[in-house]
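S.K.: build the 3D model from these lines:
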Amino acid sequence: MVAAAAGAQAPARGSDRLVIAGASAGTVFEWYDFYLYGSLATFITEHFFSGVNATTGYIFALLAFAAGFAVRPFGALVFGRLGDLWGRKNTFLVTMLLMGLSTFVVGLLPGYDKIGVAAPVGLIVMRLIQGLALGGEYGGAATYVAEHAPAGKRGLYTSWIQTTATFGLFLSLIVIILVRTRLGEDAFKAWGWRVPFLASAALLVVSLWIRLRLNESPVFQRMVAEGSTSKAPLTESFARWPNLKLVLLALAGLTAGQAVVWYTGQFYALFFLEKMLKVDGLLTNGLVAVALLLGTPFFVVFGWLSDKIGRKPIVLAGCLAAVMTYFPIFKALTVAANPQLAAASAAAPVTVVADPADCAFQFDPVGKKTFASSCDLAKSALANAGVSYANQAAPTGSAAVVRIGAVPIPSFKGEALSAADLKAQKAAWTKTLGAALKAAGYPAKADPARMNRPLVVALLWLLVLYVTMVYGPIAAALVEMFPARIRYTSMSLPYHVGNGWFGGFLPTTAFAMVAATGNIYYGLWYPVVIAAVTFVVGLLFVKEMRGAPIEA
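M.R.: Here you go, the predicted model:
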């Protein structure tokens with residue numbers, strides 16, 4: 001048995017390369033599929049959620065994005081169990097096929113203007129299939145590579161899988177940039193956004209071909225030969241306290257913080273630039289792509305370092321760095337990316353003075369509600385203009401006033417107006433507000449000529465560096481926490497609850513927090529608090545498992 005274990009842990013160098021390349025290539029493709037949706041959320045809103053108001057539509061688009069994350073833990077349960085019963089290779093072939101087909105279908109779905117509510121329903125169904133598939137993908141790839149890795153190199157080997165999420169995002173951004181540049185903005189907005197989804201068919205064929213060449217994990221083969229595979233992976237993983245305790249600690253002390261740092265650095269930063277700072281979408285994609293390209297090698301660096309000093313210190317250091325610096329980094333990002341907006345916000349801060357009872361949270365799931373109170377009209381106009389504001393209570397029953405520095409712009413009460421009159425008066429008032437904002441120095445869009453691009457890239461790179469710290473060692477850490485017979489199931493659930501729920505809901509939650517408060521930085525409290533909790537729990541309760549045997 002010792003010889004078998006040694007053989008399982010020391011494959012030939014050529015085999016090592018094929019294992020890493022095969023697992024990583026397939027995972028790059030799956031992340032490419034998954035990230036396309038996040039990168040194209042604005043276009044998804046226009047084509048699939050055009051039946052509701054703009055704020056509701058954008059939140060709906062982010063919710064549909066989050067739906068794929070919501071089902072990831074269920075995919076982890078389904079495919080994790082199959083991975084411990086069938087084997088690692090067979091399971092992640094199935095997940096790849098599901099992921100590729102559902103992505104291709106998104107590129108063919110008619111929009112809301114063609115089939116009405118069936119359009120967003122079809123989109124969400126495809127997102128759910130994507131999420132289920134991705135829930136089974138990561139645990140299989142991480143387990144597969146770790147079970148091939150030589151002793152002392154588990155962090156290094158599995159860190160290559162960690163690069164796939166960034167490479168997938170990077171590939172999706174490159175494809176989007178090429179298509180947008182080739183077709184032009186008008187054609188891309190009308191139909192060209194579908195091309196990156198349809199192109200996934202070619203990637204699916206290539207990735208399946210690569211993975212079909214792989215052999216089963218040697219550790220799993222040995223368990224099959226010895227008859228020691230689990231007959232009830234779910235029961236052993238979650239119905240027995242010693243293992244369930246490890247699952248909970250992996251979630252609270254590792255993956256929850258890792259997830260919010262990752263999604264803030266790679267997704268929320270992109271949303272923040274385009275939605276909050278009004279930077280051109282093509283330019284935003286380019287800046288993020290450069291930062292990712294510069295930061296991606298550090299996944300391997302921190303994976304290698306975790307083999308030397310441990311997984312836990314690096315992951316928790318990344319969480320602590322995020323807690324301490326997110327607010328300064330994003331404020332510096334505002335100054336660098338849209339200096340006119342930063343200067344205007346400092347010189348003439350905007351305040352909405354309104355009766356709190358007059359203000360609603362502007363989320364209308366059915367698209368039938370009209371937000372016509374003076375407060376709602378004011379906040380809606382400011383949100384559409386991308387202007388951050390503070391809130392100040394006014395006497396009961398009074399009409400809202402937007403104060404730009406010392407200049408008051410009274411809103412109006414539109415509840416009693418007809419639809420036509422409301423539309424006309426709202427347009428006139430919005431024009432007045434826009435003129436006042438312009439006079440105070442607020443730009444309608446970020447001016448690329450005024451942008452400090454090297455500083456923007458440097459700040460984005462720093463956010464990506466935090467991502468590499470928390471994500472580079474995480475696969476090795478999770479693999480080493482659980483026994484081989486239930487490893488696929490046990491590690492998949494905390495990973496996908498952390499990344500699917502805590503991380504996947506971050507863009508939606510943070511944007512909703514910003515919409516509710518008017519403060520463009522308020523959404524950062526979500527990742528800061530969760531990363532802080534992970535730092536404390538991980539520091540006090542998670543055991544360092546670097547180098548632990550994984551054969552049994």
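
S.K.: measure the residue nearest the centre of the chain to residue 435 for me?
M.R.: The centre of the chain sits closest to residue 263, judged by C-alpha atoms, centre = their mean, with a distance of 4.2 Å. Distance, residue 263 to residue 435, by C-beta to C-beta, to the nearest Å: 38 Å. Where you see a C-beta, it was placed from the backbone N, CA and C, and this is true even at glycine.

S.K.: same question for residue 93.
M.R.: In terms of C-beta to C-beta, residue 93 sits 60 Å off from residue 435.

S.K.: what about the chain, any weak spots by pLDDT?
M.R.: Applying pLDDT under 70 to the chain picks out residues 1-16, 26, 30, 34, 38, 51-59, 62, 362-370, 552.

S.K.: what segments of this protein are strands?
M.R.: With DSSP state E, the ranges of strands along the chain come out as 350-354, 389-393, 401-404, 407-410.

S.K.: burial count for residue 239?
M.R.: 10 (other C-beta atoms under 10 Å).

S.K.: which residues sit in contact with it?
M.R.: Listed by C-beta atoms under 8 Å, 6 or more residues apart in numbering, residue 239 has no contact partners.

S.K.: dump the residue contacts of the residue nearest to the centre of the chain.
M.R.: By C-beta under 8 Å, 6+ apart, the neighbours of residue 263 are 499, 503-504, 506-507, 527.

S.K.: so which of these are in helices?
M.R.: Judged by DSSP state H, the contacts of residue 263 include 506-507, 527 as members of helices.

S.K.: quick one: these as a markdown table, columns for neighbour count too.
M.R.: Listed next are those as a markdown table, based on neighbours: other C-beta atoms under 10 Å:
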| residue | neighbour count |
| --- | --- |
| 506 | 26 |
| 507 | 27 |
| 527 | 27 |
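
S.K.: would you reformat these as JSON lines and include distance to residue 460?
M.R.: As requested, the ones in helices among the contacts of residue 263 are exported to JSON lines (distance: C-beta to C-beta, whole Å):
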{"residue": "506", "distance to residue 460": "17"}
{"residue": "507", "distance to residue 460": "16"}
{"residue": "527", "distance to residue 460": "16"}
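
S.K.: pick the one among these closest to residue 278.
M.R.: residue 507 (17.3 Å; C-beta to C-beta).

S.K.: if I look at the closest one, how far off is residue 339?
M.R.: 25 Å.

S.K.: before we move on, back to that, for residue 93 and residue 435, indicate the residue with more neighbours.
M.R.: For residue 93 and residue 435, the more surrounded residue by other C-beta under 10 Å is residue 93, and the numbers stand at 17 against 11.

S.K.: the more buried one contacts residue 214, correct?
M.R.: No. Applying C-beta atoms under 8 Å as the test, residue 93 and residue 214 come out as separate, 9.2 Å apart.

S.K.: show me where the stretch 401-550 of the chain has its helices.
M.R.: 419-439, 453-471, 474-481, 487-497, 506-517, 525-541 (DSSP state H, counting those that start in this stretch).

S.K.: nearest to residue 168, of the ones you listed?
M.R.: Nearest to residue 168, of the helices of the stretch 401-550 of the chain and by C-beta to C-beta, is helix 453-471 at 12.8 Å.

S.K.: got a list of what residue 303 touches?
M.R.: Contacts of residue 303 by C-beta under 8 Å, 6+ apart are 155-160, 162, 472-473, 476.

S.K.: kindly report the same for residue 264.
M.R.: Contacts for residue 264 were tallied using C-beta under 8 Å, 6+ apart; they are 322, 326, 463, 506, 524, 527.

S.K.: ok, 7 Å please
M.R.: Taking C-beta atoms under 7 Å, 6 or more residues apart in numbering as the contact definition, residue 264 lies against 326, 463, 506, 527.

S.K.: so how far is residue 389 from residue 520?
M.R.: Where residue 389 is concerned, residue 520 sits at a distance of 9 Å (C-beta to C-beta).

S.K.: also residue 426?
M.R.: 18 Å.

S.K.: which one's more surrounded, those two?
M.R.: Neighbour count, other C-beta under 10 Å: between residue 426 and residue 389, residue 389 has more, with 22 against 18.

S.K.: which residues does that one bridge with?
M.R.: residue 350 (DSSP bridges).

S.K.: residue 354 is in contact with that one, correct?
M.R.: No. Applying C-beta atoms under 7 Å as the test, residue 389 and residue 354 come out as separate, 10.6 Å apart.

S.K.: and the helices in the stretch 1-150 of the chain, which stretches?
M.R.: So, for the stretch 1-150 of the chain - with DSSP H, counting those that start in this stretch - the helices run 2-9, 13-39, 41-48, 54-70, 72-86, 88-106, 112-115, 118-146.

S.K.: closest one to residue 259 among those?
M.R.: Of all those, helix 54-70 comes closest under C-beta to C-beta, at 9.5 Å.

S.K.: hmm, back to that, right, and the helices of the stretch 401-550 of the chain - which one's nearest residue 33?
M.R.: When the helices of the stretch 401-550 of the chain are compared by C-beta to C-beta, helix 487-497 sits nearest residue 33, at 16.3 Å.

S.K.: ok, how many other residues are close to the nearest residue to residue 450 once chain neighbours are set aside?
M.R.: Nearest residue to residue 450, sequence neighbours excluded (C-beta to C-beta, 6 or more residues apart in numbering): residue 339, at 5.4 Å. By other C-beta under 10 Å, the residues close to residue 339 number 16.
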